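A.B. asks: Make a model of this:
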Amino acid sequence: MIAIIGATSTIGNALLHRFIELDVPARALSREPEKLRAQLASKKHAVVELAAADAADPDSLRAALRGASQLFLSMANSPRQVEWETAIIRMAKEEGVSHIVKISSPVYREVAPVEIAKWHQQIERALAASSLTHTVLRPYAFMQNLLRLSKTISSDRFFQATMGETPCNFIDCRDIADVAAAVLTRPELAGQAYTLTGSEVFSYPQIADKLSGLLGQKINCINVEAKVLRNDLIQFAGMPEWMADHVVEIQAMAMALPEQPTNTVKRLLGREPRTLDDFLQENIGAFR
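C.D. replies: You can find the predicted model right below:
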């Protein structure tokens with residue numbers, strides 16, 4: 001049995017659906033199991049169990065982990081992430097879980113510090129100290145996060161960034177889920193750290209050009225100072241300060257540490273990663 005923490009997240013939900021396709025027994029943990037049940041109503045999912053569990057309720061987590069042999073750990077970023085994930089690792093070991101697959105982040109670098117990457121680094125250390133077999137997936141920017149730009153694109157035909165022409169790695173969350181499924185079902189892949197990207201890098205102005213072509217209207221990427229973007233994310237997008245800081249920090253990281261695609265997805269899955277062109281085409285309705 002494979003337990004999935006984060007089954008309603010973009011990656012976790014894609015993994016859950018992949019397991020249904022593969023007929024792999026899984027237990028989906030969620031604070032809102034009824035929400036998951038509704039999502040799965042149209043699918044046959046005899047191999048999937050749904051369990052109510054909350055990071056703030058250790059007893060519910062412990063009960064939901066009982067009997068699982070492997071754990072997929074993908075929690076939403078939060079200031080309490082280190083506390084919660086390290087507690088989950090400890091519980092998993094106590095309940096007999098033998099392998100944990102964790103969604104992490106690009107490696108923390110002092111030259112371009114990203115606070116959330118530092119949190120993940122601490123959690124990875126806890127994993128290493130646990131003596132459990134563990135696999136770490138370190139994806140770069142999610143294509144799905146580009147959907148956050150849709151509000152200003154659809155209303156005013158622009159979006160903001162701070163990176164100028166700097167290229168950035170992007171990856172479709174479904175590819176991350178497919179890699180996780182491979183690692184959880186092929187023991188020979190376990191016990192490694194994998195850096196995950198798409199097959200190409202793109203600057204935000206290039207993404208604006210792609211959207212312009214698909215929409216038939218000019219979309220502008222406006223380059224602004226980091227403090228301006230941070231303020232707008234807080235004031236107009238309603239982001240908490242720590243999340244706005246993260247957006248600014250990862251863009252600064254891309255400028256300080258030039259990004260290049262890896263071949264990890266192709267090597268593990270035997271196919272090319274999903275492309276940004278396909279993702280934008282598939283989701284173009286969100287930007288209209």
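
A.B. asks: Residue 84 falls within a helix, correct?
C.D. replies: Yes - checked against DSSP: H, G, I helix; E, B strand; the rest coil, residue 84 lies within a helix.

A.B. asks: Looks like it contacts residue 55 (just checking).
C.D. replies: Yes - the pair residue 84 / residue 55 is scored as a contact, 4.2 Å apart, by Cβ atoms under 8 Å. The way it works is simple: take the backbone N, C-alpha and C, and place the C-beta from them, glycine included.

A.B. asks: residues shared between the contacts of those two?
C.D. replies: Residues touching both residue 84 and residue 55 by Cβ atoms under 8 Å, 6 or more residues apart in numbering: residue 75.

A.B. asks: Now do the helices in this protein.
C.D. replies: Assigned by DSSP state H, the chain shows helices spanning 10-22, 33-39, 58-65, 81-94, 115-130, 150-156, 173-185, 204-215, 226-235, 241-256, 264-269, 276-282.

A.B. asks: With only the CA atoms kept, save the fourth one in CSV.
C.D. replies: In this case it means helix 81-94. In CSV, the C-alpha atoms belonging to helix 81-94 read as follows (Å, rounded to 0.1, in the frame of the first residue of the first chain):
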residue,chain,number,x,y,z
GLN,A,81,6.4,22.8,6.6
VAL,A,82,9.6,21.7,8.4
GLU,A,83,7.8,21.0,11.6
TRP,A,84,5.0,19.0,9.9
GLU,A,85,7.1,17.1,7.4
THR,A,86,9.7,16.0,9.9
ALA,A,87,6.9,14.8,12.2
ILE,A,88,5.4,12.8,9.4
ILE,A,89,8.8,11.2,8.6
ARG,A,90,9.1,10.2,12.2
MET,A,91,5.6,8.8,12.3
ALA,A,92,6.1,7.0,9.0
LYS,A,93,9.1,5.2,10.4
GLU,A,94,7.3,4.2,13.5
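
A.B. asks: Buried ones in it, by neighbour count?
C.D. replies: For helix 81-94, the neighbour count (16 or more other Cβ atoms under 10 Å) marks 81, 82, 84, 85, 86, 87, 88, 89, 91, 92, 93 as buried.

A.B. asks: what's the answer for the last one, then?
C.D. replies: Along helix 276-282, the positions that meet the burial threshold by neighbour count (16+ other Cβ under 10 Å) are 276, 279, 280.

A.B. asks: Please compute how far it lies from its chain's middle.
C.D. replies: For helix 276-282, the gap between its own C-alpha mean and the chain's C-alpha mean amounts to 18 Å (Cα atoms, centre = their mean, to the nearest Å).

A.B. asks: What residues does residue 244 make contact with?
C.D. replies: 229, 230, 233, 234, 237.

A.B. asks: Restricted to buried residues, select those residues in PyMOL.
C.D. replies: Buried residues among those (16+ other Cβ under 10 Å), as a PyMOL selection:
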select buried, resi 229+230+233
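
A.B. asks: would you turn the contacts of residue 244 into TSV with distance to residue 154 and pLDDT?
C.D. replies: As requested, those are exported to TSV (distance: Cβ to Cβ, whole Å; pLDDT from 0 to 100):
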residue	distance to residue 154	pLDDT
229	19	96
230	22	96
233	17	94
234	21	95
237	14	88
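
A.B. asks: Relative to residue 155, which of the contacts of residue 244 is nearest.
C.D. replies: Minimum distance to residue 155 across the contacts of residue 244 is 12.7 Å, recorded for residue 237 (Cβ to Cβ).

A.B. asks: in the protein, what secondary structure element scores lowest on mean pLDDT?
C.D. replies: helix 33-39 (a mean of 77; mean pLDDT, DSSP states H and E).

A.B. asks: can you pull the buried residues of that helix?
C.D. replies: Within helix 33-39, the residues scored as buried using 16+ other Cβ under 10 Å are 33, 36, 39.

A.B. asks: Quick check: closest non-adjacent residue to the first one.
C.D. replies: Distances taken as Cβ to Cβ, 6 or more residues apart in numbering put residue 50 closest to residue 33, at 4.3 Å, once the chain neighbours are dropped.

A.B. asks: Next one: the one you found, what pLDDT does it get?
C.D. replies: pLDDT recorded at residue 50 is 89.

A.B. asks: can I assume it is in contact with residue 37?
C.D. replies: Yes - using Cβ under 8 Å, residue 50 makes contact with residue 37 at a distance of 5.8 Å.
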